[in-house]
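Asker: sequence first, then the predicted structure, then my questions.
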Amino acid sequence: MYNNNNSTPSSSSSSSEAGDSVRSSVFNPGEPLRQPRTSPPVAESSTGEVYTESQGFPTFFNSGYQNSSATALKTSDSLVKNSKLSAAAPEFVPSSYASYQDDVYSDGSEGYYAEASLADLVQDFVSHLTTSPGSFEVEIDYITDTLNSWVTTEETLQELVELIYTQSTSVPNFSYTGARLCNHLSHCISLSPSSGNFRQLLLQRCRTEYEQRDQAVKGDETTQKKYHSYVLFLGELYLNLEVKSGKGTPGRADVLLGALKDLLNALFSHPDDPNLICAVKLLKLSGSILEDTWKEKGKSDMDEIIKKIEEILLDARCSRDVRQMLLKLVELRSSNWGRVYTAAVSSDATPDNDPNYFMNEPTFYTADGTPFTAADPEYSEKYQEILDREDYFPDTYEENGNESFCGEDDEMDPEIEEAFERFCMESETRGK
């Protein structure tokens, strides 16, 4: 009985020792930590069974387990030694993952983004000036310094001219800011190779489009749209580009003056609606300056242009809306392009010789809310009515317009005075 009882714990202890030896062979605390294995972890149940996630069913220990476990350890050691994984890597990317940057940037350079180019730089500047045109004066010095650091060869200068020209003729509402940018860069880009400085290369680029004007006005919709953007940009360039003359005073580029006339003639030679709309926009933009310059040179070119517009109106091939635009343009020119001559000296100004005589006069309102100014014929009578109405309430308003209350210096009612004194006494007692 004693022996049987002893045999039971001994057998259990021997099985326990066997289990401990197995576990110590697999999970040896003395071995260094290894990288996670690709095979699923082995889990042991309370009955001595081993479960694997991939199999989903128990596998019993057998006599060959130690051999198989040793083989597994050797295999895992070889995987760790041959693995290219690193614990210091910033992130883990599976081998089957196709990186977007690998497809876009295949130059082999390190990092996710390629080095910025001159085109990217110009695009950023144009986007900023398009969304914030009011920051032009503040940002232009920084833009110029940055571009000067990039433009160091003849090739980069030509690339810069092409980029700015393309942006100025393709980005909506950027032609005016683009012309200002071109004017500033024409004076501040330091590189000036033998092929020409920034301004000369820009005018050469504009001449390329100028020579294609006869074909462009007859082209398809895309070609015409591109040509019209060029025409409006050239108009802005004529108004903003300053060229230093021999006298030292900057003036406009005369070469653009003749080009604009030829571009207008090309538009009128094929008078469909898109071409006529472009001509109207150009003349509204620069018609007054063009006519003044032509008159200074003793030319009547604007009279010839207006005569062509009148002939087109008589022909009536354009749509009703475009016809109305042309009529408004002729009317605008007959009123000296909407300009008002210099007003008379303030001391000599009268309502008859100065159309702006009553411009800064205040607006008054009658008792029924009708507004009137000094230009109103009944101004004196209506203004006197306001003065008389204010005399009825002499103490209602102070001189600064704030309300005042009549009788505010009168003594308080006895009951109110008594209540006020009681309140002051209670407040004093409460404070003590």
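Answerer: Good, I have the coordinates. Because the structure is a prediction, the values reported are computed rather than measured.

Asker: spatially nearest residue to residue 275, not counting backbone neighbours?
Answerer: Counting by Cβ to Cβ, 6 or more residues apart in numbering, the nearest residue to residue 275 once its immediate chain neighbours are dropped is residue 267, at 4.4 Å. Bear in mind the C-beta positions are built from the backbone N, C-alpha and C, glycine included.

Asker: quick one: contacts for that neighbour?
Answerer: The contact partners of residue 267, taken as Cβ atoms under 8 Å, 6 or more residues apart in numbering, are 217, 231, 275-276, 278-279.

Asker: among the residues you listed, which two are most distant?
Answerer: Within those, 231 and 276 form the most distant pair, 12.2 Å apart (Cβ to Cβ).

Asker: low-confidence regions, the chain specifically.
Answerer: Low-confidence regions of the chain, defined by pLDDT under 70, span residues 1-87, 89-114, 246-248, 316, 341-380, 382-383, 387, 389-412, 432.

Asker: residue 231 and residue 276: which has the busier surroundings?
Answerer: residue 231 (27 against 23; other Cβ atoms under 10 Å).

Asker: just give the nearest non-adjacent residue to that one, would you?
Answerer: Of all residues apart from its sequence neighbours, residue 263 sits closest to residue 231 (Cβ to Cβ, 6+ apart), at 5.2 Å.

Asker: could you measure that neighbour against residue 238, distance?
Answerer: In this view, residue 263 and residue 238 are 11 Å apart by Cβ to Cβ, to the nearest Å.

Asker: what of residue 147?
Answerer: With the distance defined as Cβ to Cβ, residue 147 ends up 23 Å from residue 238.

Asker: quick one on the thing from earlier: right, and the residue nearest to residue 231 touches residue 212 too?
Answerer: No: at 11.1 Å, residue 263 does not count as touching residue 212 under the criterion of Cβ atoms under 8 Å.

Asker: these two: who's more crowded?
Answerer: Set side by side, residue 263 and residue 212 give different neighbour counts by other Cβ under 10 Å, the larger being at residue 263 (25 against 15).

Asker: the more buried one: what's it in contact with?
Answerer: Under the criterion of Cβ under 8 Å, 6+ apart, the neighbours of residue 263 are 210, 213, 231, 234, 282.

Asker: who wins for most neighbours among those residues?
Answerer: Across the contacts of residue 263, the neighbour count under other Cβ under 10 Å reaches its highest value at residue 231, namely 27 neighbours.

Asker: for the one helix or strand that residue maps to, C-alpha coordinates in CSV please.
Answerer: For residue 231, the element it lies in under DSSP states H and E is helix 221-240. Extracted C-alpha coordinates of helix 221-240, given in CSV (Å, rounded to 0.1, in the frame of the first residue of the first chain):
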residue,chain,number,x,y,z
GLU,A,221,-12.3,76.0,-80.5
THR,A,222,-9.1,75.0,-78.6
THR,A,223,-6.8,76.8,-80.9
GLN,A,224,-8.9,80.0,-80.8
LYS,A,225,-9.1,79.9,-77.0
LYS,A,226,-5.4,79.6,-76.7
TYR,A,227,-4.9,82.5,-79.1
HIS,A,228,-7.4,84.7,-77.3
SER,A,229,-5.5,84.1,-74.0
TYR,A,230,-2.3,85.2,-75.7
VAL,A,231,-3.9,88.3,-77.1
LEU,A,232,-5.2,89.4,-73.7
PHE,A,233,-1.9,88.7,-72.0
LEU,A,234,-0.1,90.8,-74.7
GLY,A,235,-2.5,93.6,-73.9
GLU,A,236,-1.6,93.4,-70.2
LEU,A,237,2.1,93.1,-71.1
TYR,A,238,1.9,96.3,-73.1
LEU,A,239,0.3,98.2,-70.2
ASN,A,240,2.7,96.9,-67.6
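
Asker: neighbours of residue 238, how many?
Answerer: In terms of burial, residue 238 registers 23 neighbours under the definition other Cβ under 10 Å.

Asker: good, we can wrap up now.
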